[in-house]
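A.B. asks: make a model of this:
(one chain, ligands or ions: 2)
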Amino acid sequence: LNTRAERVSHDLREQEFDALLVSAPTNVRYLTGYTGSNGLALIAADEDVSDRFFTDFRYASASAQQIPEEFEREIISSGDLFKAAAQTLSDRGSGARGRLAFEEDHLTVAQHARLAELIGEGWELVGCADVVERLRAVKDAGEIDRIRAGTELAEEALRRVLERGLVGRTERAVAVDLEFEMRRLGADGPSFPSIVASGAHGALPHAEPRDESIARDVLVTIDWGAYLDGYCSDCTRTYATGAVGEQAIAVYELVLRAQEAALASVRAGIGARELDAVARAIIEEAGYGEHFGHGLGHGVGMEIHEGPRLSRTASEQPLQVGNIVTVEPGVYLPGDCGVRIEDLLVVLEDDHETLTRLPKELTAVS
Ligand code: ZN
Ligand code: ZN
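C.D. replies: Ligands and ions are numbered 1, 2, ... in the order given. You can find the predicted model right below:
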């Protein structure tokens, strides 16, 4: 199976679908390369039926460059794309019928109603989840290269920002500076809103940067990533702005130990829950279990959070070669401080490649 669309076709045959209407923009881009805002892909289960791509006249020339020849491209001058897709299905011979899968996590209720009205009696609309997402969870060499490049860019941006210091600048100013540096280095943007959280604010795992100045002698958690060439990166480091207390140092060392134990276990075949448990056991044993409230990590790719998830409630599905995942344990002490350390890794057969390279020993940045 050579192309991504061919792999989707194969999965559709296994699930006894006749076609899949791909409406989620990220999935459309993954299958076709289309980067515009109004596109639909119709993937046929039957290899002898060609796959179709629909867009409107605004994207006629862009899509001519982006869409590979295996797709029949249809440019709609009036009406909507769903109507064109339904027309394609009914054109497939008189009494055309079958099971049309739609992406149940993405199609809106209104779009579903519209599709049901357009599709004609012979076709049954069946919701399905994750057909394209499952493919996206396993990255090819080109995707790994892009995420590696985004990671290097994000790290270079942070180095430049840290050279300008942290103490006395607001969290928001540091976050904006970081996003500006990433753009200046060639990123299309941040892969998510950057987190810069100092002191007690660091005890919120998803803290938003405030207009508060960063004090001396506190911990600062910075969680950021670059969006480059359609792919995200993700990394977290926690710095000290001077002399921090014994407890903060102890928590830092604990999180680092848990993170490194989990990293050492990352390879194809290990279960997502099992991996989460490696880090969690160490944090629980030290008496901080209740302060590690989130999962160990998540897949990263075209979206910042995608499969596979690493958590206590993750699927039993083992990691596969080509998964790109974060390992990011944290300990959050309300009203006091927080520590999170996050690396981004490629899962290999008996090992992993760590994409993030910034040092992890507790470093003072004033
Ligand atoms: Zn992160
Ligand atoms: Zn993350």
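A.B. asks: got a pLDDT number for Ser90?
C.D. replies: pLDDT for Ser90: 83.
A.B. asks: secondary structure element for Glu152, which one?
C.D. replies: helix 141-163 (DSSP states H and E).
A.B. asks: flag every residue of this protein that's near ligand 2.
C.D. replies: Asp234, Thr326 (Cβ under 5 Å from the ion). From N, CA and C alone the C-beta is placed, and that goes for glycine too.
A.B. asks: which helices and strands does the helix holding Glu152 pack with?
C.D. replies: Packing partners of helix 141-163 (3 or more Cβ pairs under 8 Å, 6 or more residues apart in numbering; DSSP states H and E): helix 171-184, strand 219-224, strand 226-228, strand 231-232, strand 235-240, strand 324-327, strand 343-347.
A.B. asks: how about a cut-off of 10 Å?
C.D. replies: Packing partners of helix 141-163 (3 or more Cβ pairs under 10 Å, 6 or more residues apart in numbering; DSSP states H and E): helix 171-184, strand 219-224, strand 226-228, strand 231-232, strand 235-240, strand 324-327, strand 343-347, strand 352-354.
A.B. asks: okay, buried residues for stretch 82-98 please.
C.D. replies: Buried positions in stretch 82-98, judged by neighbour count with 16 or more other Cβ atoms under 10 Å: Phe82, Lys83, Ala84, Ala85, Ala86, Gln87, Thr88, Leu89, Ser90, Arg92, Gly98.
A.B. asks: what does stretch 64-82 give?
C.D. replies: Buried positions in stretch 64-82, judged by neighbour count with 16+ other Cβ under 10 Å: Gln66, Ile67, Phe71, Arg73, Glu74, Ile75, Ile76, Asp80, Leu81, Phe82.
A.B. asks: quick check: pLDDT value at the first one.
C.D. replies: For Gln66, the pLDDT comes out at 95.
A.B. asks: that one is in contact with Gly39, isn't it?
C.D. replies: Yes. The criterion here is Cβ atoms under 10 Å, and Gln66 meets it with Gly39 at 9.3 Å.
A.B. asks: before we move on, back to that, now render the buried residues of stretch 82-98 as CSV, adding distance to His112.
C.D. replies: As requested, the buried residues of stretch 82-98 are exported to CSV (distance: Cβ to Cβ, whole Å):
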residue, distance to His112
Phe82, 10
Lys83, 14
Ala84, 17
Ala85, 13
Ala86, 12
Gln87, 18
Thr88, 18
Leu89, 15
Ser90, 18
Arg92, 21
Gly98, 17
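A.B. asks: for Pro205, what are its contacts?
C.D. replies: Contact analysis of Pro205 by Cβ atoms under 10 Å, 6 or more residues apart in numbering lists 195, 197, 221, 223, 236, 292-294, 328, 330, 332, 338, 340.
A.B. asks: let's check: the centremost residue of this structure is which one?
C.D. replies: Note on the chain: the residue nearest the mean C-alpha position is Ile304, at 2.6 Å, using Cα atoms, centre = their mean.
A.B. asks: circling back: pick the one among the buried residues of stretch 64-82 closest to Thr241.
C.D. replies: Each of the buried residues of stretch 64-82 was checked against Thr241 using Cβ to Cβ; the closest is Gln66, at 46.3 Å.
A.B. asks: which residues touch the closest one?
C.D. replies: Arg29, Thr32, Gly33, Tyr34, Thr35, Gly36, Gly39, Phe53, Thr55, Tyr59, Arg73.
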